[in-house]
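Undergrad: Got a sequence here, can you build the structure:
(2 chains)
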Amino acid sequence: MQHPEHYDVIVIGGGHAGTEAALAAARTGARTLLLTHSLDTLGQMSCNPAIGGIGKGHLVREIDALGGAMAQAADRAAIHVRTLNGRKGPAVRATRAQSDRVLYRQAIRARLESQPNLELFQQAVDDLIVEGERVVGVVTQLGIELRAASVVLTVGTFLGGRIHVGDQNHGGGRAGDAPANTLAERLRAMPFEVGRLKTGTPPRIDGRSIDFSALDVQAGDEPRPVFSFIGSTADHPRQTVCHIAHTGPSTHELIRDSLHRSAMYGGHIDSEGPRYCPSIEDKVVRFADRDHHQIFLEPEGLDTPELYPNGISSSLPFDVQVAFVRSIPGFGNAHITRPGYAIEYDFFDPRGLQPSLETRPLAGLYFAGQINGTTGYEEAAAQGLIAGLNAARGAVGESPWTPRRDEAYIGVLIDDLVTRGTREPYRMFTSRAEYRLQLREDNADLRLTPTGRELGLVDDARWSRFCERETAIAAEQARLAELTVRPGGDAAIDLANRRGVRISKPEPVTDLLRRPELDYAALAAAPGIGPAVEAADVAFQIDVQAKYAGYVAQQRDQIERDRAREDTELPADLDYADVQGLSSEVREKLANHRPATIGQAGRIAGVTPAAVSLLLVHLRRRGDTLRRSA
Amino acid sequence: MIEPDTIAAPVTPPGYGGVGIVRVSGPAAGTIAAAVAPPLASPHHAALRQFRDSAGVAIDRGLVVWFPGPGSYTGEDTVEFHGHGGPAVIDALYARMLELGARPARPGEFTERAFLNGRLDLAQAEAVADLIESGDAAGARAAMRSLEGAFSRRVHALRDELTTLRAWIEAALDFPEDEIDFLADTALRDRLDALIADLADMRASAAEGRRLVEGLTVVIAGAPNAGKSSLLNALAGADSAIVTDVAGTTRDVLRESIHLDGVPLTLLDTAGLRATDDPVESEGVRRARAALDEADRVLLVVDSAGNAAAETPELPSGAIVDTVRTKIDLTGESAGVTDTDQGRVFRLSAMTGEGLDALRAHLRTLLGTGPEGGAFSARRRHLDALDRADEEIRAARTELVETGAGELAAERLRQAQTAIGAITGETTTEDLLGEIFSRFCIGK
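TA: Prediction:
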């Protein structure tokens, strides 16, 4: 049975990847349909109730800079907000908000329902319609056929999932949902490389059974950070506090004694789990010298006493979970509301994707989110936005856009996935970004909003806010660039008195700003230099850009030098067997990965600089003009 | 143009040819030429210039040829420095190019660029691929050779320690809630200091080890008629120096290259170092002083027969000096070696050859092939990598301790690791994360 409408883009899945994909496609003007097995779980936070954190907060700000929904929804659900690394350098500062699950879901649903060009439809998808090497539509559980130029698949939350508790296991999807097994079976039959990953969750606790007087309290930051560039604290609901508990030696002893009964250590699971999110069993075994481990008690929401005890994910049998939880100080009477478990699930090797997130084997099909081997709402949403954008562009024959590694964490994420693949659930860290100093939360809009505007992702309201801010920063920088502090002048005397700064030759204010002992506020207070701009975010940019100027300039030079090689396209029809001089190992790697550019080829493990030279020589021999990709 | 960075390398074989050429290609070629051999020569004309180091001191005097792109071998701006062929001079010149921002060219890279820029025809493409491939293999073999033994162990230890310290810092930046904030930890600072000290030691050793490939320059100095030329001839086994008994006979720097156990050793016999009114002889003295300045080692010849001019020559401060008494056949001293506060003293006869073996063995040791040698082989690229790493690690310490900026220290250490990676192979983010997760309990 054929659905009467024809869409440009169909997005399958209503999680963080699916919702950003659908919104992005619709924002660019594509007629878009979001298909989900349940409209009630759109925007569901299936793991811990928090958005952001180091590296992840950066992604959220970038999504926001490109007009996405995640930051604004996080602001509306934020019940406890902090800036992590607040006392470290601006490049590594990141926003993290504890989120009320219900408020978050409501914010996402409202955003989806108010988006022009976007329709929602509740149906599980059982199959893809493939014609030749192209996906042209989907078939739902009821046998309804829907046709579209592009299809975005974001059904990764525990595709082919199997849940383990102790030695027991059963099929299961995210947070109690049924697993998407029919589609998983179909996809396994298609030409994608399938892998298996593992992750875990902690047992949830009823807060009414906890003795909070035995725990540390952690309040949110004041002034309260805001996620969206166009948001404010007025978007926030009522605030609450978090608590920190600690395991002790008796907890560790209990766990050690029961290790043979855990799903992991009992040999029931052999797929790769994330090293940065170990189960409490792992921690006790691998760091046996530690006499305690931290547990962050994250509130599930304002209107529920349920808590997510971050730090004790476990696949031990339920009776052991009860015993070790009750051994934690303050948890003597703890009531577990949902047992912890480990889950194994399928993912598709992301090296089978192009940087646009379109699959290599099937044109018109895009993958985003956990299906690509990532973990985390933010990583999923970031891919969703890019996949939705490129699905819409592909539907009308426009070339795809993906940010480069030096432009955005989104670029780092996608480049890592498509060139290197992953062996554990991939999570963003700032240490993955070689251009970390310029990829900051504070300048995500300056980096991306102009491009987002050109791509049709950024609406008028956001654009005018952006222009105002950008102009204010540029104007103040231009004003300061005209000013010089002279030895013996009023400003020099004032700076010497207040800050002990010695000025022995005429110094441009721009240079003084770079000194570690000075900042914008201090300089602007000196006679003839102020008054300072009122907008705190503008003042902050003046400072940060000055402090990092030397490093950023150096990195820009490097980027410019690498750019020609980086962007030189490797033709899709290139036969690596023809390239003279390559070792068979390198030839095989290149043939498998099919890098899109010379730069990507060079980042594949085992591809040497000499191999890259041989590729360039080969391209030239073919008579190709060495083309730069767009 | 496909590759806009600037590369440099000697393009004549290492050794003692009459002329040694260092070629620089890329956008910085012009500024490098103007900085090293001012003023910039007119295009395509050989101009006689002094080649100067960063302090403006002459490294050599020779011809500089400036080829603005695209009318050059590579099609890019290119400059060639034709200097005197000695390894020390060529190396100093090469090091200066790197200091000015060029990077060492990979094997075959000039030709590769020539091809990519359309300066070679298609028929030559096969040859280019061969060149890159064989150059890569030869480079790999050379790197393997120099990476055997002590040097390899030390560089890998350095890489591992750098990875560890980066793991500490990166963990503190990426996991602020995991009770692992080491940024203010004195242990981190102490280990950075230890790393800096270790690197300084390695650079000294590596500079010494370089001589395995490029040779050692030993200057024979001494008062007129002290027997310098006789000693040179005895060591060289050839009658290339004019040996007479009239003071002031040797007016020029005499250069002799010999091989000890297959390793090149350059001996420079100098004119007798004394004040003189004779214009020809004073020119000889000036050249001798210049040779002394570039020496790795000085053999000070003292006339033990007592019939040489009495004054002791002035030697540059800091030079490592061994004293050689060359005429025991006349004085009747016994052959042998004595260590004194002023250095080692050799007693031998240049005439009969008695005691000469002890001196040869000592020179072999200096070259790093003898039993006492802690030196090892490392080529200029390795030294360049160590220099860059050293600079970055020092800057990292400053950022950490004085500015308190962990993220800037991290950036410096990342650059240091990239530099070391030129020797050991790349350390990937995955390696770094592996180090973090194995070392620290991450996951709140």
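
Undergrad: make it CA atoms for all contacts and neighbour counts henceforth
TA: Will do.

Undergrad: number of nearby residues for residue A:343?
TA: For residue A:343, the neighbour count with other Cα atoms under 10 Å in any protein chain shown is 28.

Undergrad: host element of it?
TA: For residue A:343, the host element (DSSP states H and E) is strand A:341-348.

Undergrad: Buried ones in that strand, by neighbour count?
TA: A:341-348 (16 or more other Cα atoms under 10 Å in any protein chain shown).

Undergrad: so which of those comes closest to residue B:438?
TA: residue A:342 (21.2 Å; Cα to Cα).

Undergrad: list the contacts for that closest one?
TA: Residues counted as contacts of residue A:342 (Cα atoms under 8 Å, 6 or more residues apart in numbering or on different chains) are A:163-165, A:198-201, A:263, A:313-315.

Undergrad: all strands of the stretch 251-400 of chain B, in order?
TA: B:254-260, B:263-269, B:297-302, B:321-325, B:336-340, B:343-347 (DSSP state E, counting those that start in this stretch).

Undergrad: And the stretch 1-150 of chain A, by the same measure?
TA: Shown for the stretch 1-150 of chain A, the strands assigned by DSSP E, counting those that start in this stretch span residues A:2-12, A:32-36, A:50-52, A:78-84, A:94-99, A:118-122, A:125-131, A:134-140, A:145-153.

Undergrad: Nearest to chain B, out of those?
TA: Evaluated over those, closeness to chain B peaks at strand A:78-84, with 7.0 Å, by Cα to the nearest Cα.

Undergrad: my hunch is that residue A:611 is in a helix, does that hold up?
TA: Yes - counting by DSSP: H, G, I helix; E, B strand; the rest coil, residue A:611 is part of a helix.

Undergrad: Next, find the distance separating the closest residue to residue A:431 other than its chain neighbours from residue A:61.
TA: Distance criterion Cα to Cα, 6 or more residues apart in numbering or on different chains; nearest residue to residue A:431, sequence neighbours excluded, is residue B:170 at 6.4 Å. Distance, residue B:170 to residue A:61, by Cα to Cα, to the nearest Å: 22 Å.

Undergrad: Show me which of these two is the more surrounded one.
TA: Counting neighbours by other Cα under 10 Å for residue B:170 and for residue A:61 shows that residue A:61 has the greater number, 30 against 26.

Undergrad: Can you get me a residue count around whichever residue of the stretch 251-400 of chain B sits closest to chain A?
TA: Residue of the stretch 251-400 of chain B nearest chain A, by Cα to the nearest Cα: residue B:399 (10.0 Å). Using other Cα under 10 Å, residue B:399 is surrounded by 20 other residues.

Undergrad: Ok, residue B:6 next?
TA: 24.

Undergrad: And residue A:145, by the same measure?
TA: 18.

Undergrad: pLDDT value on it, please?
TA: Predicted confidence (pLDDT) for residue A:145: 96.

Undergrad: Kindly report the same for residue B:358.
TA: Among the per-residue scores, residue B:358 holds a pLDDT of 86.

Undergrad: quick one: it and residue B:336 touch, right?
TA: Yes - the criterion here is Cα atoms under 8 Å, and residue B:358 meets it with residue B:336 at 7.4 Å.

Undergrad: which residues are common contacts for the two?
TA: With Cα under 8 Å, 6+ apart as the test, residue B:358 and residue B:336 both reach residue B:346.

Undergrad: Not counting residues beside it along the chain, what's closest to residue A:559?
TA: In space, residue A:559 is closest to residue A:406, 7.6 Å off (Cα to Cα, 6+ apart).

Undergrad: burial count for that neighbour?
TA: 20.

Undergrad: residues in contact with it?
TA: A:412, A:434-435, A:438-439, A:559.

Undergrad: which SS state does it fall under?
TA: Assigned by three-state DSSP, the conformation of residue A:406 is coil.

Undergrad: quick one on the thing from earlier: now distance to chain B too, for the strands of the stretch 1-150 of chain A, in a markdown table please.
TA: Shown next, in a markdown table, are these (distance: least, Cα to the nearest Cα, whole Å):
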| stretch | distance to chain B |
| --- | --- |
| strand A:2-12 | 31 |
| strand A:32-36 | 32 |
| strand A:50-52 | 13 |
| strand A:78-84 | 7 |
| strand A:94-99 | 10 |
| strand A:118-122 | 36 |
| strand A:125-131 | 35 |
| strand A:134-140 | 35 |
| strand A:145-153 | 28 |
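
Undergrad: Indicate which one of these is closest to residue A:190.
TA: Nearest to residue A:190, of all those, is strand A:125-131, at 10.0 Å by Cα to Cα.

Undergrad: If we ignore the residues flanking it in sequence, what's nearest residue B:328?
TA: residue B:349 (5.2 Å).

Undergrad: Any figure for the gap between the one you found and residue B:382?
TA: Counting by Cα to Cα, the gap from residue B:349 to residue B:382 is 40 Å.

Undergrad: Helix or strand: which one has residue 195?
TA: If you meant another chain, say so; for now it's chain A. If you go by DSSP H and E, residue A:195 is part of strand A:194-201.

Undergrad: Switch to chain B, please.
TA: helix B:186-209.

Undergrad: The closest residue to residue B:295 other than its chain neighbours bridge partners, please.
TA: Excluding the flanking residues, the one nearest residue B:295 by Cα to Cα, 6+ apart is residue B:217, at 5.3 Å. Beta-bridge pairing of residue B:217 under DSSP bridges involves residue B:266.

Undergrad: Could you verify my assumption that residue B:217 touches residue B:293?
TA: No - in this structure, residue B:217 is not within contact of residue B:293 by Cα under 8 Å, at 10.6 Å.

Undergrad: who has more neighbours, these two?
TA: Neighbours of residue B:217 and residue B:293, each counted by other Cα under 10 Å, are more numerous for residue B:217; the result is 25 against 17.

Undergrad: Just the closest of the contacts of residue A:406 to residue A:529, please.
TA: So of these, ranked by how close each gets to residue A:529 (Cα to Cα), first place is residue A:438, at 27.1 Å.

Undergrad: The stretch 251-400 of chain A: strands as residue ranges?
TA: With strands called from DSSP E, counting those that start in this stretch, the stretch 251-400 of chain A shows them at A:294-299, A:306-310, A:336-338, A:341-348, A:365-367.

Undergrad: Likewise for the stretch 51-200 of chain B?
TA: B:58-67, B:78-84, B:103-104.

Undergrad: Give me the helices and strands touching the longest one, please.
TA: Packed against strand B:58-67, as judged by 3 or more Cα pairs under 8 Å, 6 or more residues apart in numbering or on different chains; DSSP states H and E, are the following elements: helix B:29-36, strand B:46-52, strand B:78-84, helix B:87-99.

Undergrad: How about the shortest one?
TA: Using 3+ Cα pairs under 8 Å, 6+ apart as the contact criterion, the neighbours of strand B:103-104 among helices and strands are strand B:7-10.

Undergrad: what helices or strands is the strand it packs on leaning on?
TA: By 3+ Cα pairs under 8 Å, 6+ apart, strand B:7-10 packs against strand B:19-25, helix B:87-99, strand B:103-104.
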